[in-house]
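Trainee: What follows is a predicted structure for the sequence shown.
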Amino acid sequence: MLTNSTPQSSTAQRTPSNLDGRLGTGSIVFMVIAAAAPLTVVGGNVPLAIAGGPGAGAPVGFALASLILLVFAVGFVTMTPHVPQAGAFYAYATRGLGGRMGVGTAAVALVAYTAIQVGVYGYLGWAVNEALHGFGIGFSLPWWAWALATAGVVAYLGYRHIELSSKVLGVALVLEIAVVVVLDAVIFAHGGAHGITGESFTPHAALSGPLGIAVLFALTGFIGFEATAVFRDEARNPDRTIPRATYLAVLIIGGFYTLSCWALVLAAGTGDAAAVAQRTVDGQGNMLMDTAQAYVGTALRDVMQVLLLSSLFACVLSFHNVIARYTFTLARQNLLPARLGTVHPRHHSPATSSVVQSVTALVLVAGCALLQLDPLIGVFGSMAGVSTVGMVILMLTTSVAVLVFFARNPGLAPGKTWQTRIAPALAVLGLLAGLWLVLANFTLVTGGSATVSIVLAAVPFLALVAGTLHGPRTARSSTAAPATPND
């Protein structure tokens, strides 16, 4: 009996109860920026911001969006040491506003992240066929076939330890940023079409068209930056790593988008940028790829087409990891089936939550295929719209939670009026303006009719209401061991 019981006891001791890891600031920043899909945003959102917004003044929209999110991050990271569990927006809302609002926030987060992941699967399926066509390969498959194949690879990586995903995302991210940086550098070295000028940042240029459209598409490009807090349990030192990663993610993403938007404007010429971007919107050209071919050559254009695919893959993998950890955390709070809160004994990953997320993605992609939706407008455009509304609601709720939390606990941050009151209040105002911009121009994001857009925009609000009604008045106790600052 002793011989048989000893291995079982040893196995039980080795079975982890919490997620763990040694992720540093760089690894978390890689995963967060990968979720933002920077190459995809530069090739897609930037032309939309230029064409529908103030033309040459579009870089100001990206700069303003960066500023709004940077101010939001101040309160977000100040509250981080007082939120011991992972879960990002859910955990912050629960701590500041109570259990009901916390569950409502979690419901919005799951809807927003799932929507954008499915949307990117649609974009990726379309992009693979476009790349094959661009390389002269006479072979293609339905978009959903490529999407389902990619989902299989994502399922494998998501099931294993987070450090494997971080390495894959790191390589993909470095390559896609590097190729755009090369293009930006060549444009500035050549002086653009008519010389280097700061005209884009003048009031005349910024206000020459609807600046709000540029801000809208800029905010869409930031989806996922706050996921730094989701990886708290797997961070090397969360109280230092999470704030650093959050600030770096905002600064790097915002600076990269603003600089690249400015470079594309200069490449086309400030007077012609809007017309060139409009041709991209109309499907008669590709502002990013055409600029790459004109300034660097066909080789860089071909590399960009390949890296666009890796960018999209990195994006869906990153969102898969975020969603799996959200469901894991909710299960640990007894808000979802306990099975979803188990940790794989060897991979130390939320394996069951990862499998459920993989199945969910497969079902939704299959549903879009059966409905014969267009991969760009019907899938990507619509799902990106739902996710954008959801993410602004999440950040707005979190900023309010920061204000309430420190108002009730002033002794936790003495002398930090800027971090606990002023910055969160400014973030609330900025995000309210951002939400209005998104809703007022929602058909531009979804590409659908007004009726369809209204229905899609209502989904995150309905999730918030449903979650709030379902949630407890106070946060439920977790089945996990209490987290410590250095977990």
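Mentor: Thanks, I have it.

Trainee: Helix or strand for A106, just tell me which one.
Mentor: Take DSSP states H and E as the rule and A106 turns out to sit in helix 99-134.

Trainee: Just checking the distance from the helix or strand following that helix to the centre of its chain.
Mentor: Next in sequence after helix 99-134, counting helices and strands by DSSP H and E, comes helix 143-159. How far helix 143-159 lies from its chain's middle: 19 Å, per C-alpha atoms, centre = their mean, to the nearest Å.

Trainee: just stretch 179-191 next, same as before
Mentor: 26 Å.

Trainee: The protein: strands as residue ranges?
Mentor: For the chain, applying DSSP state E gives no strands.

Trainee: And the residue nearest the centre of it?
Mentor: Centroid-nearest residue in the chain: G224, 2.2 Å away (criterion: C-alpha atoms, centre = their mean).

Trainee: Quick one, grab the pLDDT at that residue.
Mentor: We have a pLDDT of 70 for G224.

Trainee: ditto for L362
Mentor: As predicted, L362 sits at a pLDDT of 91.

Trainee: residue contacts, it?
Mentor: Neighbouring residues of L362 by C-beta atoms under 8 Å, 6 or more residues apart in numbering: L148, A151. (C-beta placed from N, C-alpha, C; glycine too.)

Trainee: same thing but 10 Å
Mentor: L362 is in contact with Y121, A147, L148, A151, G152, A155, counting by C-beta atoms under 10 Å, 6 or more residues apart in numbering.

Trainee: ditto for W418
Mentor: The contact partners of W418, by C-beta under 10 Å, 6+ apart, come to V74, G75, T78, P424, L426.

Trainee: what's the farthest-apart pair in the residues you listed?
Mentor: T78 and L426 (13.5 Å; C-beta to C-beta).

Trainee: the more surrounded of the two?
Mentor: T78 (21 against 18; other C-beta atoms under 10 Å).

Trainee: measure the residue lying closest to that one once chain neighbours are set aside to V60 for me?
Mentor: Using C-beta to C-beta, 6 or more residues apart in numbering and skipping the chain neighbours, the partner closest in space to T78 is Q419 (4.1 Å). Relative to V60, Q419 is positioned 27 Å away (C-beta to C-beta, to the nearest Å).

Trainee: if you count what's nearby, which of the two comes out ahead?
Mentor: A direct count of neighbours by other C-beta under 10 Å for Q419 and V60 places V60 higher, at 25 against 18.

Trainee: quick one: the more buried one and A214, what's the gap?
Mentor: From V60 to A214 the distance is 7 Å (C-beta to C-beta).

Trainee: where do the contact lists of these two overlap?
Mentor: G53, P54, A206, C261.

Trainee: Adding distance to G98, neighbour count and pLDDT as columns, could you present those in JSON lines?
Mentor: Formatted as JSON lines, the shared contacts of V60 and A214 follow (distance: C-beta to C-beta, whole Å; neighbours: other C-beta atoms under 10 Å; pLDDT from 0 to 100):
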{"residue": "G53", "distance to G98": "39", "neighbour count": "28", "pLDDT": "87"}
{"residue": "P54", "distance to G98": "42", "neighbour count": "24", "pLDDT": "93"}
{"residue": "A206", "distance to G98": "41", "neighbour count": "23", "pLDDT": "91"}
{"residue": "C261", "distance to G98": "40", "neighbour count": "29", "pLDDT": "96"}
